[in-house]
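Asker: sequence plus predicted model, see below.
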Amino acid sequence: MKSTVSVQVDADAMLRLISHLKVRGGAQDVTAAIDSAIALWLREQSQLPFDCDPANPRGYQWKTLFLPDGTEIRSWSYGEHNYARVVGDDIIHKGKPVTPNEFAQSCARSMRNAWLDLSVRRPQDQQFQLAHRLRQELAQQAGQAPPARRDSAAAPADLGPLLAALQAQLPPAPPAASAPAATIPRGAQPGPPRPLPRGPGWDLPERRQYRFRLEDVAFD
């Protein structure tokens, strides 16, 4: 047997419900209509983000992090804070809608990771919290592994398996070719005998290849 409870319903809402049922007709009674309305409301609420306020479903959906209407976003750069605010379904900075990444880059004037650079204070929060930390908390509540933070110090350790896999896919290196034989300078290559003019002392014993050199002429 299905158990039931009694709840207080606004009299005007109840009268409008009864009037609507009379106009529509059918065998549906007031209790069944109220049960259907509650089931429909629950189904719609289940499709909203985890931290969305049912009374105010508007806000900006940043990946897995929902920023309700009225959320303040803060960035620190060059010794001062810069602020943006969620208005309706947009993030407004200096009167213009921006994305979290655009807001982080415009304040820092350099490449920044918006998750690590921006702090968020939602209407229900007492203080600003780092966006990356809020995303980790949501992942833990959903039973998922938190997104890994990209640190430059961890890069060398992560590249080891990747480099080993790439080296395994490379074709084997060809055997080293034998070293070429040493070439003889062009001036030292043997050639046909050079014709030399006969002169005084031609019949003397020859001690070099060429008969005359510069010092022979200078000290003759």
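Answerer: Thanks, I have it. These numbers were taken from a predicted model, which means no experiment stands behind them. Numbering: from 1, shown residues only.

Asker: what's the longest strand along the chain packed up against?
Answerer: Longest strand of the chain, by residue count under DSSP state E: strand 80-87. Contacts defined by 3 or more C-beta pairs under 8 Å, 6 or more residues apart in numbering; DSSP states H and E place strand 80-87 against strand 72-77, strand 90-93, helix 100-108. No exception for glycine: its C-beta is placed from N, CA and C like everyone else's.

Asker: now it: mean pLDDT?
Answerer: On average, the pLDDT along strand 80-87 is 91.

Asker: what comes up buried for it?
Answerer: Across strand 80-87, burial judged by 16 or more other C-beta atoms under 10 Å covers 82, 84, 86.

Asker: run through who's touching the helix or strand residue 39 falls within.
Answerer: Using DSSP states H and E, residue 39 maps to helix 30-46. Residues outside helix 30-46 that contact it (C-beta atoms under 8 Å, 6 or more residues apart in numbering): 9, 14, 17-18, 21, 54.

Asker: could you list which of those residues belong to helices?
Answerer: 14, 17-18, 21 (DSSP state H).

Asker: how close does the residue nearest to residue 81 when sequence neighbours are not counted sit to residue 127?
Answerer: Excluding its sequence neighbours, the residue lying closest to residue 81 (C-beta to C-beta, 6 or more residues apart in numbering) is residue 74, at 5.4 Å. Residue 74 sits 11 Å away from residue 127 when distances are taken as C-beta to C-beta, to the nearest Å.

Asker: of these two, give the one with the bigger neighbour count.
Answerer: residue 74 (16 against 6; other C-beta atoms under 10 Å).

Asker: who touches both of residue 74 and residue 127?
Answerer: residue 121.

Asker: helix, strand, or coil at residue 23?
Answerer: helix (DSSP: H, G, I helix; E, B strand; the rest coil).

Asker: check contacts around residue 73.
Answerer: Residue 73 sits next to 67, 83-86, 91, 100, 103, 118-120 when contact means C-beta under 8 Å, 6+ apart.

Asker: mind checking which helix or strand of this protein has the lowest mean pLDDT?
Answerer: When each helix and strand of the chain is scored by mean pLDDT, DSSP states H and E, helix 214-218 comes last, with a mean of 56.

Asker: mean pLDDT lowest where, among the helices and strands packed on strand 80-87?
Answerer: Checking each of these, the one with the poorest mean pLDDT is helix 100-108, at a mean of 86.

Asker: please put the alpha-carbon coordinates of it into CSV.
Answerer: Output of helix 100-108 as CSV, limited to C-alpha atoms (Å, rounded to 0.1, in the frame of the first residue of the first chain):
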residue,chain,number,x,y,z
PRO,A,100,37.5,32.8,-18.6
ASN,A,101,40.5,32.4,-20.8
GLU,A,102,40.0,35.8,-22.5
PHE,A,103,39.6,37.4,-19.0
ALA,A,104,42.8,35.9,-17.8
GLN,A,105,44.8,36.8,-20.9
SER,A,106,43.5,40.4,-21.0
CYS,A,107,44.6,41.0,-17.4
ALA,A,108,48.0,39.4,-17.6
